[in-house]
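>>> Next input, structure requested:
(one chain, ligands or ions: 2)
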Amino acid sequence: MPSALITGITGQDGLYLAELLLEKGYDVHGLLRGQNNPRRALVEDLVPDVRLHTGDLTDLSSLMRAMRDSQPDEVYNLGAISFVAYSWENAFVTSDVTGMGVLNVLEAVRLHAGDDPSAIRFYQASSSEMFGKVQEVPQTERTLLWPRSPYGVSKVFGHHMTINYRESYGMHASSGILFNHESPRRGPEFVTRKISQAVARIHLGRQDSVALGNLDARRDWGYAGDYVEAMWRMLQQDEADDYVIATGQTWSIRDFLDVAFAHVGIDDWSKHVTQDPRFMRPAEVEMLIGDASKARERLGWTPTVTFPELVAMMVDADIAAAEAGW
Ligand code: NDP
Ligand code: GDR
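Ligands and ions are numbered 1, 2, ... in the order given. Next up, the predicted model:
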């Protein structure tokens, strides 16, 4: 039975990836931080067969211990401070966790693997946020990186460190440059879930309006369940490499609002949405659209959920949750 260690097990992607690997017959281990993590119960409820190990991306010794106790064939580094807006006000801790944390995991893998660093396969959760200021449309694995936030800069560090460990030590270290992916498990601080929750509550008469920031930014939004499949496929290749994972379509926040409100029968959402400077960013990533041809050709990966299906899935899940009293 292959064994996998996932950092970021409590996050959106960690939960979907754990489900996928358990279905495939893996022995799945997760790194859990903090002395009393409030999301532990969720992990134990959704994926009870995952074995949890206490540790933190900023603590190399805890990562070494997790490696020893899980003896993984594959390590998926999904842990990060992942909220871009938060990263300006918390630039140092974001750099420590989202940037230096990658180096810590790479070192833990390299040291644990001993004579054959390629024996343990490594996945790094790189991000389309690394593209930042638009240089090329659509973005590919070769597009110049111009990050626009401390989060994006930290991801560039982790991305290049992953490539460097592959080239320096022959490690099987791959990097997935994933564009935005969402689901009913998305954190409520991200714009898609913030909107789907608000639309559900407005539909049920429990809320009047929602305050947002920049409505003109464009994102290439896919479904998280599809994207974790791509992570796994990357680690099944003979050679490690970097891959863009995206749908190839781009939509604005306004488009998301159109589809989400229309789903509950509201065609004019203008009286339900206000704009608040608090949600504007010091520097914005205006436009993301990915070209996932390499993943399609080499991994046989394609997305299965369309944008309108994704929006409907999220709004329906939030209506059900609100009706259930959550
Ligand atoms: P989430 O924010 O949902 O999850 C982040 C995870 O990182 C949580 O499990 C969190 O644990 C953990 N974490 C935070 N700080 C630490 C730390 N110091 N030590 C160990 N673990 C820590 O993110 P997603 O699941 O959406 O994303 C997964 C990864 O993919 C992230 O690296 C993200 O940056 C990246 N990514 C995400 C994209 C997306 O659209 N979702 C797109 C591209 C990249 P806790 O619960 O304890 O806070
Ligand atoms: P992003 O996701 O920054 O792309 O990072 P987010 O949903 O936070 O923002 C997307 C766009 O929406 C605009 N926006 C708002 N965003 C939030 N959160 N709240 C608002 O009220 C709001 N109003 C408008 C933002 O300005 C932005 O343009 C996500 C994270 O998952 C990262 O970890 C990941 O790397 C990237 O996606 C790819």
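
>>> Would you mind naming what in the stretch 1-150 of the chain lies close to ligand 2?
Residues of the stretch 1-150 of the chain lying close to ligand 2 (C-beta under 6 Å from any ligand atom) are S82, V84, A85, S127, S128, E129. Every residue, glycine included, has its C-beta placed from N, CA and C.

>>> one more time with 5 Å, if that's ok
Residues of the stretch 1-150 of the chain lying close to ligand 2 by C-beta under 5 Å from any ligand atom are S82, V84, S127, S128, E129.

>>> The second one reaches V153, doesn't it?
No - counting by C-beta atoms under 8 Å, V153 is not a contact partner of V84; they are 11.0 Å apart.

>>> one step back: what subset of the residues of the stretch 1-150 of the chain next to ligand 2 is buried?
S82, V84, S127, S128, E129 (16 or more other C-beta atoms under 10 Å).

>>> Helices - which of those land there?
Per DSSP state H, helices hold the following members of those: V84.

>>> Just put the buried ones among the residues of the stretch 1-150 of the chain next to ligand 2 in JSON lines and tack on distance to P277 and pLDDT.
As requested, those are exported to JSON lines (distance: C-beta to C-beta, whole Å; pLDDT from 0 to 100):
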{"residue": "S82", "distance to P277": "23", "pLDDT": "98"}
{"residue": "V84", "distance to P277": "17", "pLDDT": "98"}
{"residue": "S127", "distance to P277": "25", "pLDDT": "98"}
{"residue": "S128", "distance to P277": "25", "pLDDT": "98"}
{"residue": "E129", "distance to P277": "22", "pLDDT": "98"}
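
>>> Tell me where this protein has strands.
3-7, 27-32, 51-54, 74-77, 121-127, 173-178, 181-182, 210-212, 218-219, 222-223, 242-245, 251-252, 273-275 (DSSP state E).

>>> and the fifth one, how far out from the chain's middle?
Its chain's C-alpha centre lies 10 Å from the corresponding centre of strand 121-127 when counted by C-alpha atoms, centre = their mean, to the nearest Å.

>>> Kindly report the same for stretch 190-209.
Centroid separation for stretch 190-209 versus its chain: 22 Å, with C-alpha atoms, centre = their mean.

>>> buried sites along that stretch?
By 16+ other C-beta under 10 Å, the buried positions in stretch 190-209 come out as 190-203.

>>> And stretch 309-323, by the same measure?
L310, V311, A312, M313, M314, V315, A317, D318, I319, A322.

>>> hang on, isn't the fifth one packed against P188?
No - with contacts counted by C-beta under 8 Å, M314 stays clear of P188, the gap being 11.1 Å.

>>> thinking again about what came up before, make TSV from the buried ones among the residues of the stretch 1-150 of the chain next to ligand 2 and add distance to ligand 1 to it.
As requested, these are exported to TSV (distance: C-beta to the nearest ligand atom, whole Å):
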residue	distance to ligand 1
S82	4
V84	9
S127	4
S128	6
E129	7
